[in-house]
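> Quick check, what structure comes out for this input:
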Amino acid sequence: MRSRPLRNFEAAVPLLVFALVWPTPAQGQCEPGWSPLGSGLELQQGGLISDMAVFDDGSGPALYIAGGGFSVNGVPGHYIAKWDGFEWSTVGGGTDGWTLVVTTYDDGSGEALYAFGSFTSAGGLPARRAARWDGFGWNPLGEGLIRGKVPYLYVATVFDDGTGRGLYVGGGISEAGGVSVSGIAKWDGVRWSDVGGGVTGSLSAVGGLAVFDDGSGPALYAGGHFTWAGGVPARNIAKWDGNRWWPLGDGVSAGSVIPYLQALTMFDDGSGPALFAGGSFSQPVHFMACWDGRSWSAVGEPLNQRVQVLHSFDDGRGPMLYAGGRFVRAGTLRVNLVARWDGAAWSNLGAGLGDARAGVFGVTTYDDGTGPGLFFGGNFQTAGNFAVPGVAKWGCVRGDLNCDGVLNGGDIDPFFLALSDPAAYQTAFPSCNIQLGDMNGDRRVNAADIDPFFICLGRGACP
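Purely as a prediction, here's the structure:
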């Protein structure tokens, strides 16, 4: 007979004596919702989270955030911090200035975390705007980078141009490792090199990079603010095939406003793989457009402000495209800085993030033990109904054992059922993930989770 949900703590204790550790059934799905990322991270006035990446330093995959103006456990975050799913920590002394971009790359010696920004040292060692963290210490990337017409480094991604995988870095760059470059440079693990003459124009800066195959083979696509790429006319977006640059139709522009393309990603919305671009532009359409390899097209109802990040994610209902930035509406729909595109229409993510004065600058996918979720970074102060310090999760909510997207009193009975009879719980809630009951991070659902469950229940959320 299937066990009935237990009504109180006292009823659960006798059963738990014999059920401290149960085999974990296969994970199910959940109703996604917003969650804060514990305590310990504080965002000061003017601070923001500019980028995010997942890296395993040997102790398990963790979420790394970059930016500035934040502290970790009461001490300065040194412009980069680590979240392991339960606790925040600093990273090897961090950097001495804003860290704007973090990504991972394997140069042949093992995967490492790469950081770029306006710093001059990392972990106390000289590192000019570029550094590598291997889990033990920081190291510079050759002679580093020198800024060009704009002071920022915006983006980095990995691409194989036929000579091996390299790390491509875009931004306001005029020199890399002593080599003259323009807006974009390549690091192969040993040295820096130019990328086909780079991009030129009034700002000569790259703000978005992505790899996409338009049918002629994988290529690197660069967006930003420029009018030429490798001597070829290209309006703010161009394609690098490993040998030369190519324009994408008439590109993007913004009339009298300075155009800037800063988000690129590949996504298949059901009509075939395409390149999606976001930024502050109005031509061929406003703020977001799709390139299918031949022409540009709109992406549903227009967003009302610039798009700063794009990321594809499958929450169990199929892959969808997520956009973040400074917009608050998609057509007439209120979305508040983040929105989801399913190939036919935009939808919101609950109450969204922050307000019209804030923005989203980073996004990535990370599994904190409750299943893969979307993590957003920026300078927003709210996520759904929760106060947050510029970073929040959209995904399964820890402790949400009835899978309605929130942690509340409705989860008490399912929680105790999961503790006392996991098989019965999975029968009663077949689409739910029992690991949402792991409240203390030991990857088990047992009696040790009871106190953390009630602490989180009192707060209404728990990392």
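
> Name whatever forms a beta bridge with the nearest residue to Leu261 once chain neighbours are set aside.
Counting by C-beta to C-beta, 6 or more residues apart in numbering, Leu261 lies nearest to Gly223, which is 3.2 Å off, once chain neighbours are set aside. For the C-beta atoms, the positions are set from N, CA and C on the backbone; glycine is no exception. Gly223 has the following beta-bridge partners by DSSP bridges: Gly208, Ile237.

> Over to the one 5 residues further on?
Trp228 has the following beta-bridge partners by DSSP bridges: Thr200, Pro233.

> Tell me the pLDDT of the residue nearest to Leu261.
pLDDT for Gly223: 96.

> And the helices in this structure?
Along the chain, counting by DSSP state H, helices occupy 9-17, 412-420, 422-428, 450-459.

> Enumerate the positions of the longest strand along the chain that are buried.
In the chain, with assignment by DSSP state E, the single longest strand is strand 41-56. The neighbour-count check on strand 41-56 (16 or more other C-beta atoms under 10 Å) flags 41-43, 47-55 as buried.

> Which other helices and strands does that strand contact?
Packing partners of strand 41-56 (3 or more C-beta pairs under 8 Å, 6 or more residues apart in numbering; DSSP states H and E): strand 61-72, strand 99-106, strand 111-117, strand 360-367, strand 372-378, strand 391-395.

> Dump those into JSON lines; add mean neighbour count and mean pLDDT as well.
JSON lines is the format used below for those (neighbours: other C-beta atoms under 10 Å; pLDDT from 0 to 100):
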{"stretch": "strand 61-72", "mean neighbour count": "23", "mean pLDDT": "97"}
{"stretch": "strand 99-106", "mean neighbour count": "22", "mean pLDDT": "97"}
{"stretch": "strand 111-117", "mean neighbour count": "24", "mean pLDDT": "97"}
{"stretch": "strand 360-367", "mean neighbour count": "22", "mean pLDDT": "97"}
{"stretch": "strand 372-378", "mean neighbour count": "24", "mean pLDDT": "96"}
{"stretch": "strand 391-395", "mean neighbour count": "26", "mean pLDDT": "95"}
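
> picking up where we left off before, residue contacts, the residue nearest to Leu261?
206-209, 236-237, 252, 261-264, 277, 279 (C-beta atoms under 8 Å, 6 or more residues apart in numbering).

> where does it sit relative to Arg357, distance-wise?
Distance, Gly223 to Arg357, by C-beta to C-beta, to the nearest Å: 25 Å.

> In contact with Gly343, which residues?
269-271, 320.

> farthest pair in those residues?
Ser271 and Met320 (14.0 Å; C-beta to C-beta).

> out of these two, which sits in the more crowded spot?
Met320 (17 against 10; other C-beta atoms under 10 Å).

> Where does pLDDT dip in this structure?
By pLDDT under 70, the low-scoring segments of the chain are 1-29, 255-258, 463.

> one more time with 80
Applying pLDDT under 80 to the chain flags residues 1-29, 77, 151-153, 254-259, 316, 355-356, 460-463.
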